[in-house]
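A.B. asks: coords below, sequence missing:
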């Protein structure tokens with residue numbers, strides 16, 4: 001078994017020493033061995049230093065599953081810098097604020113991210129790495145960065161920004177030491193090594209991409225990056241590339257079923273199938289299991305703050321032994337053995353139904369903005385629960401905000417305790433969308449609802465009161481300030497918002513009044 005080193009980069013270079021000629025990365029028609037990938041990484045690290053005048057501390061990566069994205073990710077780590085992935089389809093104003101908040105002092109952009117990176121950069125230098133085959137930037141001679149690697153396990157490996165209810169995204173710094181036990185656990189659990197081929201269906205702004213990259217690169221496996229259209233045809237992507245380990249959000253299953261491309265027995269070579277980011281329904285799991293009969297199927301769960309995933313549930317090979325749950329979803333299973341979890345009811349008492357709280361090596365140390373830690377951590381000694389006032393201690397529990405029930409010994413995810421939802425795996429605070437829509441001077445108030453859209457999917461609806469505001473104006477406002485996955489599918493103008501006995505907006509009645517339920 002390969003285990004992760006003290007840092008991601010040390011683990012990667014250890015793999016290069018052991019498997020220099022093994023294929024490491026396949027993306028957009030290019031395939032690099034581990035030795036070739038390391039060479040590109042060290043040359044790009046040198047170019048970054050030339051751009052910045054010294055090794056940058058925090059590197060923004062405005063790129064989308066391109067060769068530049070993956071070489072750039074490793075080049076930043078080579079310089080012991082923190083990586084901040086930035087979505088190329090995110091508005092420039094949001095990227096500008098994110099970069100300022102994270103302290104980004106150098107930017108890498110591919111063709112997809114160049115325009116927004118240039119617009120958002122300000123004084124930060126941008127290194128543009130074109131995708132065009134004739135440019136072949138990765139073959140252009142550049143000085144290799146030869147200074148000794150200076151990173152350590154306490155360094156922040158990456159910072160991801162999740163949706164925030166106040167309109168301000170939350171920066172989640174994850175340190176190398178948070179990743180080490182997790183990646184070692186995954187490599188062993190999923191039997192990954194040379195000859196394995198891992199899918200890469202996630203954008204780098206979504207932390208399951210870290211699983212794909214470094215479970216592969218710390219074990220000697222090949223990372224096969226999905227092209228944009230591959231999500232529409234997962235069977236073709238799996239078979240054409242000999243994928244052995246699949247990982248995606250469950251909505252891919254629903255999409256493939258609607259397109260009638262998920263035929264029984266159509267993925268015979270798949271060995272492992274992993275899903276996370278949304279609730280996995282038993283219907284979705286059945287369809288995928290039929291299509292990949294030789295694959296072991298697992299449902300995973302975990303917020304960004306707990307380093308990708310913190311629970312797993314493996315469906316039995318015999319469908320007759322599959323569980324029956326109260327909400328027809330696959331259980332999220334049990335906490336990883338090197339972590340601890342507890343279910344806390346509203347009164348702080350531990351039991352079999354409540355908010356899932358987790359602590360251990362994967363738990364982050366707190367948000368980039370310490371003020372956002374408020375209410376997110378508790379101390380629990382088995383009898384009493386005490387909110388943490390100030391920085392969380394090593395033994396403090398992170399409150400996930402997810403309601404979970406123990407059913408037949410396994411954890412079942414029942415939903416959020418707040419207005420946070422997941423759309424295609426992205427965690428979204430409805431309050432952030434509402435805060436953007438309220439910026440329109442003609443809008444009096446707004447409520448965003450997340451409602452079932454069939455096939456296990458969720459759709460966002462914005463309901464608003466106003467004098468005279470047309471839907472297109474609100475859609476433009478959202479497009480200017482939020483990434484596409486946070487855009488409501490429909491807008492509904494209403495005369496007023498009904499309230500309940502507590503004076504709060506009655507969201508259920510509101511949805512019924514406009515015919516959404």
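C.D. replies: Thanks, I have it. These numbers were taken from a predicted model, which means no experiment stands behind them. Numbers count the residues shown, from 1 in each chain.

A.B. asks: Secondary structure of residue 239: a helix, I assume?
C.D. replies: Yes - when DSSP: H, G, I helix; E, B strand; the rest coil is applied, residue 239 is found to be in a helix.

A.B. asks: Can you report how many residues lie near it?
C.D. replies: By other CB atoms under 10 Å, 15 other residues sit near residue 239. From N, CA and C alone the C-beta is placed, and that goes for glycine too.

A.B. asks: Which residue is the nearest non-sequential neighbour of it?
C.D. replies: Nearest non-adjacent residue to residue 239, counting by CB to CB, 6 or more residues apart in numbering: residue 267, 6.5 Å away.

A.B. asks: Now do the same contact list for that neighbour.
C.D. replies: The neighbours of residue 267, taking CB atoms under 8 Å, 6 or more residues apart in numbering as the test, are 234, 235, 238, 239, 291, 292, 295.

A.B. asks: Can you get me a residue count around the closest residue to residue 459 other than its chain neighbours?
C.D. replies: Counting by CB to CB, 6+ apart, the nearest residue to residue 459 once its immediate chain neighbours are dropped is residue 453, at 3.8 Å. Neighbourhood size, residue 453 [other CB under 10 Å]: 14.

A.B. asks: Quick one: classify residue 453 as helix, strand or coil.
C.D. replies: When classified by three-state DSSP, residue 453 comes out as strand.

A.B. asks: gap between it and residue 182?
C.D. replies: 32 Å (CB to CB, to the nearest Å).

A.B. asks: got the contact list for residue 498?
C.D. replies: Shown in contact with residue 498 (CB under 8 Å, 6+ apart): 505, 506, 509, 510, 513.

A.B. asks: For PyMOL, write the selection for the buried entries among those residues.
C.D. replies: Applying 16 or more other CB atoms under 10 Å to the contacts of residue 498, the buried members can be selected in PyMOL as follows:
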select buried, resi 506+510+513
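
A.B. asks: Okay, now the unreliable bits of the chain?
C.D. replies: Filtered on pLDDT under 70, the chain yields the residue ranges 1-5, 133-134, 164-167, 455-456, 500-504.

A.B. asks: need the helices for it, in chain order.
C.D. replies: Using DSSP state H, the helices found in the chain span residues 8-18, 34-52, 67-78, 92-102, 111-121, 176-189, 208-217, 234-241, 251-258, 282-291, 430-437, 471-481, 507-513.

A.B. asks: how about a markdown table for the ones you listed, with distance to residue 85 added?
C.D. replies: Below are those laid out as a markdown table (distance: least, CB to CB, whole Å):
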| stretch | distance to residue 85 |
| --- | --- |
| helix 8-18 | 14 |
| helix 34-52 | 16 |
| helix 67-78 | 8 |
| helix 92-102 | 10 |
| helix 111-121 | 10 |
| helix 176-189 | 15 |
| helix 208-217 | 8 |
| helix 234-241 | 22 |
| helix 251-258 | 20 |
| helix 282-291 | 27 |
| helix 430-437 | 18 |
| helix 471-481 | 19 |
| helix 507-513 | 33 |
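
A.B. asks: looking at those helices, which is closest to residue 224?
C.D. replies: Nearest to residue 224 among those is helix 234-241; the distance by CB to CB comes to 4.6 Å.

A.B. asks: Identify the residues contacting the residue sitting nearest the centre point of the chain.
C.D. replies: For the chain, residue 206 is the residue whose C-alpha lies nearest the centre (CA atoms, centre = their mean; 2.3 Å). For residue 206, the contact set (CB under 8 Å, 6+ apart) comprises 160, 277, 425, 426.

A.B. asks: Over to residue 62?
C.D. replies: Residue 62 neighbours (CB under 8 Å, 6+ apart): 86, 87, 88, 95, 107, 108, 109, 110, 113, 114, 116, 117.

A.B. asks: Isn't the residue nearest to residue 459 up against residue 490?
C.D. replies: No - assessed by CB atoms under 8 Å, residue 453 is found out of contact with residue 490, at 10.4 Å.

A.B. asks: Find residues that contact each of the two.
C.D. replies: By CB under 8 Å, 6+ apart, residue 453 and residue 490 have these common neighbours: residue 459.

A.B. asks: quick one: the residue nearest to residue 290 when sequence neighbours are not counted from residue 291, how far?
C.D. replies: Nearest residue to residue 290 in three dimensions, chain neighbours excluded: residue 264, at 4.4 Å (CB to CB, 6+ apart). Separation of residue 264 from residue 291 (CB to CB): 6 Å.
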